[in-house]
Every structure is written in C-alpha cells, then in structure tokens.
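Chemist: attaching a predicted model along with its sequence, questions to come.
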Amino acid sequence: MTTTHDTRAATPRGPLRLPLIAALALAFVSLALISGAAYIAVLTGATSTTERLLVDRAGRVVDAQIAMVRSRLDPVTEQLEMMAALIAADRIDINSPVAVREALAVMVSKTPAMSIAGLGTLDGQLHRAIRQPDGSIVRDTVPLVSLERERSFERFRDMQLSHKTFWGALFWSSSQQQPVLNVRTPVRRIDDAFIGGLAATVAIGDFSSLIGDPSQPGGGHFYILVGPHHDHVVAHPRLVDPRGLGLTEDRPLPTIREVGDPVLAHIWDKPAGTGPIQLAFGKVGHVVEVNGERWIFVHRELTGYGPDPWLVGQYLPLSEAAVGLDRLTNGALVGAATLAAALLLSLLMGFRMARSIRTITSAAEAIERLDFEQPMHRRSRLREIDDAAHSLEKARGALKWFGAYVPQRLVRRLMEVGEDGVASRRTHLTVMFTDIVEFTPQAEHLPEQETAALLNHHFALLGACIEREHGIIDKYIGDSVMAIWGAASGSPDHAADAIRAALAIARVIHEDNEQRRLRGEAPIRVRVGVHSGVAVVGNIGAPGRINFTVVGDTVNVAQRFEQLGKEFMKPGEDVVVLVSGDTLRAAKDLPSLGIDPLPKPELRAVKGHEQPVEVYRLA
C-alpha cells in the first residue's frame, strides 16, 4: 500500500479530470443554466448589440465557406483512398490497364471536383481518366517519364516512401493550361509493400466554380488566399475561367491586385472599423473602407490541403450586414444563439466522449495491425478514458521500438504459426547480401546527416523490393543488407522470389542513379549476391537477448558471392547481381524471371568448399 501511495504522489498533477457520470451531469446542468440565461436575455434584450450580431454572422459566413470547401475536396480524398483499398484487396486488378482505367473513369464521373485521376505503377506507366470541357471522360495510359514538365515521376517516387494520403503543392498543368490542386495516396498491399500510387487533380477553375454557391451567406464574394503574406489567390469567382489573367507555369496564381477585384485588392489596408467593432472581430476579420464604402472581411485559416495553409473567407458590405436590426430582434437572436450554443455544448461533450472512446478502440486495432505511427493518446478530462489512453500510448511507444527492430512480415508470420514458428530447425532457404561499392570513402566527404539520409533512402528502396517479393530483412550491417526467403516468410518459391527481388533492386538502383546524375550527385554502385541451401533458422542468442536469424554455410556463401562482385563489376556499372547455380536450380519457373535459357556460368573457388561453385551473372 505504501509503495502505491508514493508512486501516485510522485506523479505530476495534470489538468482536472472528471468521472464520466460527473461530466454527464455537468453537461445537463450547463444546458439548463445557459437556457435560463438565454430566456432572461431574450426578455430583457440587454445583451444584444450590433457588434455581436456582426461577429455572429461573420462566423457563420466563414464557417459555411469552410464547410463548402471541405464538401468539395474531402470526397476527392475519400474516393482515392477507397480505390486504393480496393486495389490492395485485389478487388481491382492492377495488372489490367482496362480495368484500372474504367475504375478511374467511374471515380472521376462520381466526383465533380476531380478533373484528372491517375494510377502510377511500378513498371513506369500512368493510367489516367481525364474530364474534358464538355463533360466526357477520356482514358489513356502514358509513361511517367513522358510527363517530365509536371514532375510526375518525382511525385511517384515520393508516394513510394509515404504511408498515407496527402495533398501536394499546387502545380501548373500543361494539359489544362491552369494550376491544379493535387492529392496523392500510396497503394500498399496488406503486407505494406508498395505496388502503385494514386493521384487526382482539381483544377482551380473547377474548384472556384464548385465553392461559389450563391445560396451561401455573402453571395459570390468569396476568396481563398495563400502565400507567406496571403496575397496570392487560389479561389475566386474570377478564377472560374482563368483565361485572360496571364497565368503561366512561372506565375501560376494571380495576386490580390491582379485578379480584377477592386474590393479584394484592399483586403490588407489599414482597418477602418470602429474600436468596438474591430475588437469584437478579433482575428476573425476586419473592416476596410473602399471608395467611401465599408466592407467586412471575414476569414479563417484552413490546413490539410497542401504544404501551405489557406486563408478562406468572404466579404460583404457593412451596411448590408447591419440593416433592419433593432433591440428586440437582437435580444431574440442572442437568445436563440445562446440556446443553440447550449445544445451545441451538450452535443460537443457527447461527441468528445465518444471520440475519446473511439480513439482507444482505434488504438487497440492499430496495435493489432502493428501500426505504431499514429498517436494513440489524446488528453481527456474524463479520468477513466484518459488513464486508458495514457496506458495505450505507453504500450505504443514500447511496441514502436520493437517494430523498428523486428521485421513486420516476420511478426505477422509468427502470429500465424505461434511459438512453433521460432523453434530452431534446419531448412532450405535463400539468402541475399547487398553492399554499396566504396561507400566508406564516399561517406567521408559527406556531413553526418547527409550520410544518414543517403543510407535511409537507399535502404528504403531496397526494403521495398525485398518486401514486395515476400523477403525478410534479417539485419543491416553498415551499408549492407542481409535478407532471407523461405524462413518464416511463407514464400512457396523462395529462390524465384529472391531472384525477382535482386532484379528489382538492380532496376531501382539504376533509376535512382539517373535522378542522382541529373542532380549532379555521384551514383550509388551496388553488389548483390544470392545463394540457396540448407541453414539453421530460429531463435539464436543469450536467454535475455535473442534474434530470429539464420546461420550456416549458406549464409557465408551468399556473402562471398556479394564479395565476388568485385571481380565481375565493370567500370561505370551501377549494379552487379551474382546468383549461385543452387539458387537457379531451386527456382521453379525460370522463364517467368526472364533468364531462360540460362547464361553461361563461371566457376569460382569459395572458401570452405573443396569444389568450385557455379556463379551466374544476371543482366
């Protein structure tokens, strides 16, 4: 008892947390008190002023505009994520261009804001569905490299290293002759292997047309600004048809003075409102005088649709906002607004409670999926919920470190087979070693952060190739990678999978070097060795610190094959892949690998073997 008491006493006191029942009681009492206050306010009419009514309307105006923006852009994200889920679940055949293009066309037709939808695949192709000005949808497939001006290949590589949907920076579309918003999401299988990237664009002309609903407060005087000084226009009635504004790839957005709106051009002039009105507005907006007439600008910051925040707002005449108001109307409106606030408070508290409980549920589901990236603890004033979320957050932190050191594919496999899956045994498997040529002298001339970034990027590329072919990364050794197939990986043809991964690594390294050369950077040269045979696999180590790994002659030979690459690698060559005869004989379907008939082997002496071994160099 004493220990428990001391532990709690040492814990820093956080904000006040209420029991669940007390929170519910507080909500209903608050509702009663606020409703009573609203009734008194309506009877007396003493709390209603012109300034407060203006702020109330200003808030409703900008809230309605933000809601309109979200209602147009969020469905684009939802449709993209739904199609990614269908592809990941094999509901859409990614290897069928016709099926992919038809699915993209359906998505474009069902989403008014979407102008172009595309799926980039690992073979460098981009399948697209494009909405034409007359409403028809054109389907086509083009190489990613053919869209060099729009940097499509670079954006595809960004998706390969991402795990979530994100809105990219606005860019100029040469096909539509106007800037476009864009959202991208990686397509990953259930084992987290990257198999493609989905992207959709929203033309600013279509976007301005869709959010310019005349039924919304403020009529057509809406705007969305971006930039460090919020002086460039992303959406405006004039941008419904941006022709005539002189927009180009170098100047994709007009400024507030170029868009042709004489009122908006003065948005950042010195405020002209009276002291009480300006004070009531606070950061929501301000009043500006233009040609003798006063205008109210109301706006709020909106994030999540690109790297830079947006300023979403509308403006309306001050005279229009204040006309026809008297004290009785003011009192009634304030009473109604107060009652609505009370109801909103009750709903908000219920929603926050439900969201907190749902957060705990989602956290447990994420742990089950071995997803440790998303935070699992949101502070809550409800004691029971806050304690549970705090405990889950601690578990997430511990498991996140565990997941960083143990391959997820191995963990999932062990979850399937149980403790028997980690018992040490002899089995036939395939081992791969990779190594960067002359990395040490190259790294000596780089700062530590650049060295780490280079290695992380390199390992991410190799890891994607290995995991896509059902391999398990056993360990990183400096700038080298050791990967295994057939040991708790569930791979039915481990030799063929390892060969496919080696060829994929060669292709990816070549493509990455092309980009490095364009940036004026030295290429990365890699040796790859692959060998198959019998080895001991299982838990190896001391009782308090073990690794699930592979040991034996097969591992040694695979590493020596990688070292043999020094003799086979030609000057200027990016990658050399050496495979043993044992691996090729173990592969079940050589024609599918593109290496039938077999190349001529070379015999090399390998330490520990009396007879020379067959070495095959793969193109």
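Modeler: Sure thing, it's come through.
Chemist: residue 238: how many residues sit nearby?
Modeler: Residue 238: 18 surrounding residues under other CB atoms under 10 Å. Quick note: C-beta positions are derived from backbone N, CA and C, even for glycine.
Chemist: what segments of the stretch 201-350 of the chain are strands?
Modeler: Applying DSSP state E, counting those that start in this stretch to the stretch 201-350 of the chain gives strands spanning 222-226, 232-235, 285-290, 293-302, 310-317.
Chemist: what does the longest one rub up against?
Modeler: In other words, strand 293-302. 54, 58-59, 61-62, 66, 69, 223-225, 263, 267, 272-273, 281, 284-289, 309-319, 321 (CB atoms under 8 Å, 6 or more residues apart in numbering).
Chemist: hmm, try it at 6 Å
Modeler: 58, 61-62, 66, 263, 267, 284-288, 309-313, 315-318, 321 (CB atoms under 6 Å, 6 or more residues apart in numbering).
Chemist: ditto for the first one
Modeler: Outside strand 222-226, the residues that touch it by CB under 6 Å, 6+ apart are 65, 232, 234, 235, 236, 264, 308, 310, 311, 312, 314.
Chemist: hey, C-alpha coordinates of it in CSV?
Modeler: Output in CSV follows, covering the C-alpha atoms of strand 222-226 (Å, rounded to 0.1, in the frame of the first residue of the first chain):
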residue,chain,number,x,y,z
PHE,A,222,-15.6,34.5,-51.6
TYR,A,223,-11.9,34.1,-51.8
ILE,A,224,-9.1,31.7,-50.8
LEU,A,225,-5.6,33.2,-50.3
VAL,A,226,-2.2,31.5,-50.0
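Chemist: partner strands of that strand, with direction?
Modeler: strand 232-235 (antiparallel), strand 310-317 (antiparallel) (DSSP bridges).
Chemist: just the fourth one next, same as before
Modeler: For strand 293-302, the pairing partners within the sheet under DSSP bridges are strand 285-290 (antiparallel), strand 310-317 (antiparallel).
Chemist: in that strand, which residues are buried?
Modeler: Of the residues in strand 293-302, those with enough neighbours to count as buried (16 or more other CB atoms under 10 Å) are 294, 295, 296, 297, 298, 299, 300, 302.
Chemist: which of the residues you listed sits closest to residue 102?
Modeler: Nearest to residue 102, judged by CB to CB, of the buried residues of strand 293-302 is residue 302 at 33.9 Å.
Chemist: rewinding a little: just the strands paired with strand 222-226: most buried one?
Modeler: Most buried of the strands paired with strand 222-226, by mean neighbour count (mean count of other CB atoms under 10 Å): strand 232-235, with a mean of 24.
Chemist: so which residues make contact with it?
Modeler: Residues outside strand 232-235 that contact it (CB under 6 Å, 6+ apart) are 207, 208, 224, 226, 253, 254, 255, 259.
Chemist: for those residues, work out which two are farthest apart.
Modeler: 207 and 255 (18.1 Å).
Chemist: please list all residues in contact with residue 240.
Modeler: 205, 208, 209.
Chemist: for the last one, give me its contacts.
Modeler: This points to residue 209. residue 240.
Chemist: can you check residue 58 too?
Modeler: Shown in contact with residue 58 (CB under 6 Å, 6+ apart): 284, 285, 298.
Chemist: dump these into a markdown table; add pLDDT as well.
Modeler: Output for those, formatted as a markdown table (pLDDT from 0 to 100):
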| residue | pLDDT |
| --- | --- |
| 284 | 70 |
| 285 | 76 |
| 298 | 86 |
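Chemist: specify which member of those is nearest to residue 549.
Modeler: The closest of the contacts of residue 58 to residue 549 turns out to be residue 284 (CB to CB; 60.5 Å).
Chemist: number of residues surrounding the closest one?
Modeler: 17.
Chemist: state the distance from it to residue 314.
Modeler: Remark: distance between residue 284 and residue 314 (CB to CB, to the nearest Å) = 12 Å.
Chemist: for residue 531, see how far away the closest residue to residue 535 other than its chain neighbours is.
Modeler: Nearest non-adjacent residue to residue 535, counting by CB to CB, 6 or more residues apart in numbering: residue 552, 3.6 Å away. Distance of residue 552 to residue 531, given as CB to CB: 11 Å.
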